[in-house]
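J.: take this sequence and fold it.
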Amino acid sequence: MQSTRHLKDRIFLVIKGLAMGAANKVPGVSGGVVAFVAGFYEEFIYSLQRVNKTAFRLLFNGRFKSFFRYTNGKFLALLFLGMVISYFSVSKLLDYLIVNYELYVWSTFFGMILGSIYYINKDFESWNKRTLTFLMLGALVGISISFLDPAKENDNLFFVFFCGIISVSGMTLPGFSGSFILILLGNYVLLLVDSVNALYDTIADIFSGNFDFIKNEVRIRMLKVLAVFTLGSVTGLVTFSHILNYILHHYKNITLATIIGFIVGSLGVVWPWKKTIYLTNETGGYILDSAGKQIILNYKRFFPGASTETYIAIAYIFLGILIVLGLEWYGQRTRQIKA
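T.: Numbering: from 1, shown residues only. Below you'll find the model as predicted:
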């Protein structure tokens with residue numbers, strides 16, 4: 001019975017990683033929200049901040065079991081396993097759904113964020129002038145970000161490293177979408193589409209015994225970009241986790257109020273009814289990425305009219321809310337069983 005429960009916990013942890021990975025790839029959606037709603041956000045931040053001098057000392061001294069226990073390695077390993085799987089499976093499915101069912105995908109995410117706001121707010125009992133001020137500041141930052149114009153693509157490795165540090169903000173700071181920040185920095189396609197596709201193609205070539213990619217300068221460049229981006233992401237994860245762990249311990253109410261504000265502000269990014277604005281050249285033709293997809297510049301938002309499509313989209317908003325409530329129910333049930 002005990003072993004079955006442990007197995008279920010491990011499977012659900014991988015599924016949570018899948019959800020975080022998928023959410024991180026969608027512009028406007030934050031993987032940190034998944035962690036927050038599913039009830040493992042503080043454990044996630046605590047585990048990451050354990051990657052410190054003591055952890056590296058244990059690692060370099062060959063005390064691998066102690067290192068694994070000290071850093072809550074089982075938890076992090078299963079979570080990151082889910083994220084890695086997500087980038088080659090769930091996120092690919094999301095790419096397809098966004099292209100073919102864009103309105104309904106955004107509606108579902110919009111509902112999930114609404115549900116997240118309810119979930120975080122319902123147990124927050126420290127509303128006062130100070131926390132309300134930080135709530136409004138967080139919302140203002142979130143809304144302002146959604147109206148910024150993106151920069152041009154830049155594959156300079158120092159800038160790519162910086163993008164890696166910034167992009168993981170969505171994992172550590174709920175409501176702050178790392179993918180959307182990458183769009184604003186101009187490197188979303190480069191780092192989350194082209195470089196990931198290059199890795200996928202390389203793995204496929206290796207398994208098929210084809211090593212011609214070694215002579216492919218473009219492929220090698222993309223793999224270097226992905227490696228530097230990954231290094232930046234790991235650096236950002238560890239750095240942000242230490243900062244957030246300190247802030248959560250010393251300024252918890254202000255931090256939670258700001259996070260709620262970020263999440264409220266992010267509703268503007270995932271507003272379902274919007275027209276996609278693509279990057280075009282001087283003649284008005286669409287500019288494509290290396291995968292042949294039209295590059296998104298920004299979105300023009302509008303209010304929907306009464307139609308069957310609108311009513312279906314509203315139904316998907318409620319579905320998103322129910323998904324979050326379901327996660328909340330599961331999180332409470334898990335905590336009760338462990339208690």
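
J.: please make it C-alpha for all contacts and neighbour counts, starting now.
T.: Fine.

J.: which helix or which strand is home to the residue lying closest to F64 once chain neighbours are set aside?
T.: Leaving aside its chain neighbours, F64 sits nearest to L58 (6.9 Å; criterion: CA to CA, 6 or more residues apart in numbering). Secondary structure assignment for L58, by DSSP states H and E: helix 53-60.

J.: distance from the chain centre to that helix, please.
T.: 28 Å (CA atoms, centre = their mean, to the nearest Å).

J.: could I get the buried residue list for it?
T.: For helix 53-60, a neighbour-count test (16 or more other CA atoms under 10 Å) marks 55, 58 as buried.

J.: and the helices in the stretch 1-150 of the chain?
T.: Taking DSSP state H, counting those that start in this stretch as the test, the helices found in the stretch 1-150 of the chain are 2-25, 31-38, 41-49, 53-60, 64-70, 73-88, 90-100, 102-122, 129-146.

J.: can you say which of those is packed in most?
T.: Ranked by mean neighbour count under mean count of other CA atoms under 10 Å, those are led by helix 31-38, which reaches a mean of 26.

J.: now it and helix 102-122, what's the angle there?
T.: Here the directions of helix 31-38 and helix 102-122 differ by 50 degrees (axes from the mean of the first three to the mean of the last three CA atoms, to 10 degrees).

J.: need the three-state assignment for L226.
T.: helix (DSSP: H, G, I helix; E, B strand; the rest coil).

J.: thought it was touching L191?
T.: Yes: assessed by CA atoms under 8 Å, L226 is found in contact with L191 at 6.6 Å.

J.: returning to that earlier point: next up, the contacts around the residue nearest to F64.
T.: By CA atoms under 8 Å, 6 or more residues apart in numbering, the contact list for L58 reads 64, 66-67.

J.: ok, L94 next?
T.: Contacts for L94 (CA under 8 Å, 6+ apart) come out as A22.

J.: where does it land on pLDDT?
T.: Here the pLDDT value assigned to L94 is 72.

J.: same check, this time on G21
T.: Here the pLDDT value assigned to G21 is 80.

J.: could you find the closest non-adjacent residue to it?
T.: Distances taken as CA to CA, 6+ apart put M83 closest to G21, at 4.4 Å, once the chain neighbours are dropped.

J.: do I have it right that the one you found meets A22?
T.: Yes: contact criterion CA under 8 Å: M83 and A22 qualify, at 7.5 Å.

J.: still on that earlier bit, relative to F124, which of the contacts of L58 is nearest.
T.: F67 (35.1 Å; CA to CA).

J.: quick check: the closest one vs T235, distance?
T.: Distance, F67 to T235, using CA to CA, to the nearest Å: 18 Å.

J.: check whether L132 really touches A257, as I assumed.
T.: Yes: at 7.0 Å, L132 counts as touching A257 under the criterion of CA under 8 Å.

J.: show me where the stretch 1-150 of the chain dips below the pLDDT cut-off.
T.: Scanning the stretch 1-150 of the chain for pLDDT under 70 picks out 1-6, 27-28, 90-92, 95, 146, 149-150.

J.: I meant the stretch 201-339 of the chain, not that one.
T.: For the stretch 201-339 of the chain (pLDDT under 70), the answer is 278-279, 281-301, 327-328, 330-339.

J.: which parts of it are strands?
T.: 274-278, 296-301 (DSSP state E, counting those that start in this stretch).

J.: helices or strands up against the shortest one?
T.: Think strand 274-278. When contacts are defined as 3 or more CA pairs under 8 Å, 6 or more residues apart in numbering; DSSP states H and E, strand 274-278 packs onto strand 296-301.

J.: returning to that earlier point: out of the contacts of L58, who's nearest C163?
T.: F67 (28.6 Å).

J.: what is the neighbour count of the residue lying closest to D155 once chain neighbours are set aside?
T.: Nearest non-adjacent residue to D155, counting by CA to CA, 6+ apart: V225, 7.2 Å away. V225: 23 surrounding residues under other CA atoms under 10 Å.

J.: I'd guessed V225 sits against L192; true?
T.: No: under the criterion of CA under 8 Å, V225 makes no contact with L192, lying 10.7 Å away.

J.: ok, and the closest non-adjacent residue to L79?
T.: L79 sits nearest to G17 (CA to CA, 6+ apart), 4.4 Å away.

J.: who touches the one you found in this structure?
T.: Applying CA under 8 Å, 6+ apart, the residues near G17 are 78-83, 86.
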